[in-house]
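K.L.:
the sequence and its predicted three-dimensional model are supplied below.
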Amino acid sequence: MLDVPAKPAARFITFEGGEGVGKSTQVKRLLVRLNRMDIEAVRTREPGGTPKAEAVRAFILQGRSESWGAGAEAVLFAAARYDHVSSLIAPSLNSGKWVISDRFHDSTRAYQGLTGGVDDKLIRGLETLALDGHQPDITFILDMDPAVAFARVNNREIEKALAETGDRFEKEDLEWHRRLRQAFLAIGKANPERCVVLPAGQSEDALEQEIWDTLNRRFPELEAKAG
Ligand SMILES: Nc1ncnc2c1ncn2[C@@H]1O[C@H](COP(=O)(O)OP(=O)(O)O)[C@@H](O)[C@H]1O
Ligand SMILES: Cc1cn([C@H]2C[C@H](O)[C@@H](COP(=O)(O)OP(=O)(O)O)O2)c(=O)[nH]c1=O
């Protein structure tokens, strides 16, 4: 037998939290780190990630499903997720690529479930169908006071307004976003084997390092590869 080192398992990593906490920034930084180590990784997002799921994203975020209610919206997010998992996430992991997703099923739990009042049985049932066993290996929940996160997003909001787009979930009031924050914290607490809650008020560099250190501790094959 040839003495070929075993290829490390591909990992599925998700980033969660409220608006403007720095998810997209850290997803991009993690991709750079992984690529530097010659680890092939796919960057994706929810809602979206595939053409069909992006169509659902546009429909929901432009507010066209708002009158349908949170339950029907949970079904729409799950439909998008079903395509995302079956057409992109599962095939990528099966071919050895890591997958890094900006939001995933915890966003449905937090926005539609815990904050939106949709019954937990529906949320769990949809999750079972859409994930088909593809739970993330690790989920980073970036946590900070939404008032501070909003100040960060202000510039981005102006850009969005100029582009004549709008994300209706970003328009909810501060009190609603404080409940959303508690929802993500509750998810973190209930799933300590998968979720890592990190303070997102620190600098981009410091947060990137904390994420990297956590991954190295959690996945020893990363540390071994770095030598
Ligand atoms: N740690 C940080 N400190 C200060 N500003 C940040 C930090 N992380 C991200 N930002 C800025 O905050 C805004 C929102 O970040 P972004 O990554 O888009 O958040 P999210 O994807 O969670 O909505 C961007 O303008 C980004 O440059
Ligand atoms: C994936 C997902 C997102 N959402 C919401 C969260 C966001 O407000 C919006 C996604 O918009 P996005 O622009 O990606 O928000 P952010 O930059 O804050 O990540 O959709 C849900 O309500 N349920 C879900 O299952």
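P.N.:
Received the coordinates, thanks. Ligands and ions are numbered 1, 2, ... in the order given.
K.L.:
any idea which helix or strand in the protein has the lowest mean pLDDT?
P.N.:
Every helix and strand of the chain was ranked by mean pLDDT, DSSP states H and E. The lowest is helix 146-162, at a mean of 73.
K.L.:
give the buried residues for the helix or strand just after that one.
P.N.:
Counting by DSSP states H and E, the element after helix 146-162 in chain order, helix or strand, is helix 174-190. Neighbour counts over helix 174-190 (16 or more other CB atoms under 10 Å) mark H177, L180, R181, A183, F184, L185, I187, G188 as buried. All C-beta atoms are positioned from the backbone trio N, CA, C, and that covers glycine.
K.L.:
so what touches helix 174-190?
P.N.:
The contact list for helix 174-190 (CB atoms under 8 Å, 6 or more residues apart in numbering) reads 16-19, 106, 109-111, 113-115, 141, 143-147, 150, 172, 195-197.
K.L.:
for ChimeraX, write a command that selects the buried ones of the residues you listed.
P.N.:
ChimeraX command restricting those to the buried ones, with burial defined by 16+ other CB under 10 Å:
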select :16,17,18,19,106,109,110,111,113,114,115,141,143,144,145,146,150,172,195,196,197
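K.L.:
just to revisit the earlier point, which of the buried residues of helix 174-190 sits closest to ligand 2?
P.N.:
Among the buried residues of helix 174-190, L180 lies closest to ligand 2 (CB to the nearest ligand atom), at 9.0 Å.
K.L.:
spatially nearest residue to the closest one (excluding sequence neighbours)?
P.N.:
Closest residue to L180 apart from its sequence neighbours, by CB to CB, 6 or more residues apart in numbering: T115 at 4.9 Å.
K.L.:
quick one: which of the contacts of helix 174-190 sit in strands?
P.N.:
E16, I141, D143, C195, V196, V197 (DSSP state E).
K.L.:
quick one: name the residues of the chain near ligand 1.
P.N.:
Proximity of the chain to ligand 1, by CB under 6 Å from any ligand atom, involves residues 19-25, 152-153, 155-156, 203-204, 207.
K.L.:
for the residues you listed, which single residue is the most surrounded?
P.N.:
Neighbour counts for the residues of the chain next to ligand 1, by other CB atoms under 10 Å, peak at V21, which reaches 28 neighbours.
K.L.:
what residues are up against that one?
P.N.:
By CB under 8 Å, 6+ apart, the contact set of V21 is L142, D143, M144, A149, A200.
K.L.:
which pLDDT value belongs to it?
P.N.:
Per-residue confidence (pLDDT) for V21: 97.
K.L.:
kindly report the same for A163.
P.N.:
Per-residue pLDDT puts A163 at 50.
K.L.:
likewise the one 3 residues further on?
P.N.:
On the pLDDT scale, G166 is placed at 54.
K.L.:
Y82 now?
P.N.:
Residue-level confidence at Y82 comes out at 98, pLDDT.
K.L.:
what strand or helix carries it?
P.N.:
Per DSSP H and E: helix 70-84 holds Y82.
K.L.:
re earlier: CSV for the buried residues of helix 174-190, including pLDDT and distance to G69?
P.N.:
Shown next, in CSV, are those (pLDDT from 0 to 100; distance: CB to CB, whole Å):
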residue, pLDDT, distance to G69
H177, 95, 20
L180, 97, 18
R181, 98, 23
A183, 98, 18
F184, 98, 22
L185, 98, 25
I187, 98, 22
G188, 98, 27
